[in-house]
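Visitor: Fold the following and give me the result.
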Amino acid sequence: MGPVVVLLLLVGYASAEIAPSLGDVITSRDQTRLRELFRKTPIDSLTMAYYVSNGLRILGEQDNSKKQICSYIQQHTPDSTSLDTIFYATSVDALYDCEVSYSSFEKSLKDSLKSERNVSELFYIVSSLTNIGSKVDQKLLSPSKLLDLAEQEESILSYGQAFLTASLLADGDLTSLMDTVEDVAVQADESPTSIYFEGGLETTSTAITGIVRLGTKTGNRPTLSALQATLFGKYFLSIKYTETVSEAWYVLQAVEALAHNKFFVPTGVTLVNRLPINIHNQKLEVHLTNILNEPVPPSDIKLVTIESSSGDKDTINKSFTSESDGITYSYLLFPQVASPGGYKVILSTEPKTASPVAQLVHVELPVIVSFSVVVESAEISIIERDQNVAVKTVPLQYPTTSQDELSADQHSKVKMTFHLLNKQNKEKVNVHQTFVRLVSANKEEIYFVATPTNIGIYTFELDLADAAKEFFNSQSGTYEMSLIVGGMSVENPFSWHIGSLNLKFPGTPRDDTSEELEYRYKPRPEIQHLFRAPEKRPPTVVSFTFAVLVMAPVVLLVPVWLLLGGNILNITLSGPWAIMFHVGLIGIFGLYYLFWVQLNMFQTLKYLIILGGVTFISGNRMLRQIAKYRSA
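Guide: The predicted structure follows:
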């Protein structure tokens with residue numbers, strides 16, 4: 001988002017809530033692909049049965065897989081000590097009513113609430129009890145206890161599971177948990193286009209779903225802005241192409257929560273199709289939907305500005321027309337914008353009634369205005385190379401093929417000129433791709449680029465003397481000539497067969513030798529990388545002599561002290577301070593050795609502060625004792 005959009009968002013919060021467009025949604029094609037992903041997944045565990053059943057439920061196809069999934073859970077009773085498998089089994093049964101009784105787990109589940117449990121285990125227990133129709137006594141589990149545990153575990157996943165668990169409790173004050181939502185939301189990490197929680201998809205999906213369900217339970221809006229909800233939605237949309245069942249489930253769980261709530265519903269404005277705007281397709285059509293591609297309350301969509309690829313802007317400020325399906329809005333863009341090329345249209349939306357749908361600002365959509373192109377004033381000439389005089393000129397009529405066969409040799413140049421016109425208004429236009437193709441009798445193709453002049457005339461010129469070897473390998477003969485025109489804004493790209501061109505070159509064509517063909521098409525020999533050999537080490541006697549010279553000052557230290565009159569015998573180890581000083585001094589030398597072989601600078605400084613402090617204090621005390629002893 002640019003600074004202008006950010007400013008608009010900040011100003012907008014003072015009145016109506018404003019958010020950016022999602023830019024994408026879970027389209028019908030995406031939903032079909034995800035349905036197929038769930039359908040083809042083998043049900044080989046209770047976990048997979050849970051993912052598939054709930055994923056298909058959100059996609060509206062739960063009945064088609066009911067028989068297969070129910071058959072599996074009827075044959076696989078969960079382990080009474082495995083809280084997660086009990087949760088998966090009871091969730092599937094609550095969804096499909098597979099006629100499996102799990103009432104025998106009720107007592108053990110409630111008893112498990114009396115022991116120490118983490119938030120994840122409590123979520124499984126309470127969800128399983130809810131699935132089998134049993135209520136949880138507040139004496140066994142209260143919202144305040146959930147919050148305390150989540151704060152102790154200090155993870156976003158724990159907070160999300162705490163929110164989900166609290167939303168299932170029959171009673172209790174949820175105010176403290178609702179107050180925590182804002183603190184949790186601000187911990188989201190940012191990417192260039194979205195926000196998400198550390199821990200990835202599962203954590204983010206669980207947290208967002210828990211926040212929405214907690215708000216639904218209390219009837220109060222969680223402290224999550226429409227902007228934050230939209231940016232979280234963009235994160236889930238970035239993973240919608242996953243081929244993993246678990247990830248697909250977590251994406252659908254989150255987008256369902258964002259699409260079906262009464263607080264904040266992220267919406268997206270998307271193009272109905274990518275067809276260019278032209279005389280045959282004059283309307284710009286967009287869809288306004290929630291993240292699941294479902295209708296939202298009616299909004300007023302305005303076309304604010306249109307910006308061309310050259311940077312020219314036109315302010316429009318006109319409304320789209322709402323179509324009968326409730327999600328499609330259209331605007332008659334042609335002939336208001338008839339000049340061919342790429343454009344960027346800026347839209348805005350504003351809900352017509354109070355709703356959880358935010359106002360969208362600065363919605364950018366790419367639009368291409370196309371045109372039909374025709375060729376006029378085309379002619380091809382054979383020009384005498386030295387005199388630069390046209391020997392023969394043949395007018396060409398698009399799209400017919402010329403019956404005149406032109407001949408040229410190394411003393412000639414072939415030149416073709418033509419105009420490309422917009423069929424509707426007959427104005428000269430430039431297109432992205434304009435090629436001249438020559439095809440020999442051996443079906444070898446040679447391409448050249450036709451370039452426009454500053455007055456809009458396209459020119460192709462071929463100097464046969466220069467091109468004989470470089471392009472044609474001196475291969476004389478008849479070449480079929482075609483003009484190829486295309487581009488992103490060309491409505492009718494074409495390849496126009498112009499006619500035949502007889503070219504004569506001196507010399508004979510050069511055939512590739514077998515060695516050249518082998519080099520060109522056979523695998524290259526493997527490249528063996530050579531690394532520089534390590535330098536030869538010096539002889540052992542040199543390194544040994546160097547070590548002796550380094551240690552010599554240490555060996556000579558004590559004799560030199562005695563020679564200089566040092567009183568080594570006065571060193572005392574009596575008293576604790578003297579012992580501590582000498583131990584600290586030895587420790588410092590040992591620390592220097594560790595710094596050399598193992599520790600880094602910061603670790604060394606940390607230990608040196610401790611050892612240095614002890615050595616300094618003990619040395620001071622020791623010197624005071626020596627001075628006191630001498631003065632006595």
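
Visitor: Residue 139: neighbour count?
Guide: For residue 139, the neighbour count with other CB atoms under 10 Å is 8. Yep, even glycine has a C-beta here, placed from its N, CA and C like the rest.

Visitor: now do residue 216
Guide: When neighbours are counted by other CB under 10 Å, residue 216 registers 16.

Visitor: Helix, strand or coil: sort out it for me.
Guide: Secondary structure for residue 216, judged by DSSP: H, G, I helix; E, B strand; the rest coil, is helix.

Visitor: How about the contacts made by it?
Guide: Applying CB atoms under 8 Å, 6 or more residues apart in numbering, we find residue 216 in contact with 167, 261, 262.

Visitor: among those residues, who's most crowded?
Guide: residue 167 leads these on contacts (other CB under 10 Å) with 22 neighbours.

Visitor: List the contacts of residue 162.
Guide: For residue 162, the contacting residues are 119, 123, 146, 147, 149, 150, 177, 210, by CB under 8 Å, 6+ apart.

Visitor: whoops, residue 61 was the one
Guide: Listed by CB under 8 Å, 6+ apart, the contact set of residue 61 reads residue 35.

Visitor: So it belongs to a helix, correct?
Guide: No. Under three-state DSSP, residue 61 sits outside any helix and is assigned coil.

Visitor: tell me the phi and psi of it?
Guide: phi -130, psi 30 (degrees, to the nearest 10).

Visitor: again with residue 222
Guide: Torsion angles, degrees, to the nearest 10, at residue 222: phi -60, psi 160.

Visitor: That one: neighbouring residues, count only.
Guide: Around residue 222 there are 27 residues (other CB under 10 Å).

Visitor: hang on, isn't it packed against residue 263?
Guide: Yes. Between residue 222 and residue 263 there is a contact under CB atoms under 8 Å: 6.6 Å.

Visitor: which residues do these two both contact?
Guide: 212, 215.

Visitor: Could you measure from residue 181 over to residue 229?
Guide: Distance, residue 181 to residue 229, by CB to CB, to the nearest Å: 12 Å.

Visitor: Neighbour count: these two, which is higher?
Guide: Set residue 181 next to residue 229 and count neighbours by other CB under 10 Å: residue 229 wins out with 27 against 20.

Visitor: what stretches of the stretch 401-550 of the chain score poorly on pLDDT?
Guide: 512-520 (pLDDT under 70).

Visitor: hey, where'd the strands end up in it?
Guide: Using DSSP state E, counting those that start in this stretch, the strands of the stretch 401-550 of the chain run over 406-408, 412-422, 433-439, 445-449, 451-452, 458-463, 477-486, 494-503.

Visitor: what's the closest of the ones you listed to residue 92?
Guide: Proximity to residue 92 (CB to CB) singles out strand 477-486 among those, at 54.4 Å.

Visitor: So which elements touch the closest one?
Guide: Where contact means 3 or more CB pairs under 8 Å, 6 or more residues apart in numbering; DSSP states H and E, strand 477-486 is packed against strand 373-384, strand 412-422, strand 433-439, strand 494-503.

Visitor: So residue 614: helix, strand or coil?
Guide: Secondary structure, three-state DSSP: residue 614 is helix.

Visitor: Give the buried residues for whichever strand or helix holds residue 585.
Guide: Assessed by DSSP states H and E, residue 585 sits inside helix 576-597. Residues of helix 576-597 classed as buried by neighbour count (16 or more other CB atoms under 10 Å): 577, 578, 580, 581, 582, 584, 587, 591, 595.

Visitor: Can you list the low-confidence ranges for this structure?
Guide: 1-16, 512-520, 566-574, 632.

Visitor: Quick check, central residue of it?
Guide: For the chain, residue 238 is the residue whose C-alpha lies nearest the centre (CA atoms, centre = their mean; 5.8 Å).

Visitor: Contacts only, for the residue lying closest to that one once chain neighbours are set aside.
Guide: Nearest residue to residue 238, sequence neighbours excluded (CB to CB, 6 or more residues apart in numbering): residue 194, at 6.4 Å. By CB under 8 Å, 6+ apart, the contact list for residue 194 reads 231, 232, 234, 235, 238.

Visitor: For residue 496, see how far away the nearest residue to the fourth one once chain neighbours are set aside is.
Guide: Looking back up the chat, that one is residue 235. Of all residues not flanking residue 235 in the chain, residue 194 sits nearest, at 3.9 Å (CB to CB, 6+ apart). Distance of residue 194 to residue 496, given as CB to CB: 48 Å.

Visitor: swap in residue 481?
Guide: Distance, residue 481 to residue 496, by CB to CB: 9 Å.

Visitor: and these two? which has more neighbours close in?
Guide: Set residue 481 next to residue 496 and count neighbours by other CB under 10 Å: residue 481 wins out with 22 against 17.

Visitor: and the residue lying closest to the more buried one once chain neighbours are set aside, how many residues sit next to it?
Guide: Ranked by CB to CB, 6+ apart and with sequence neighbours excluded, the top spatial neighbour of residue 481 is residue 498, at 4.6 Å. Under the neighbour criterion other CB under 10 Å, residue 498 is assigned a count of 24.
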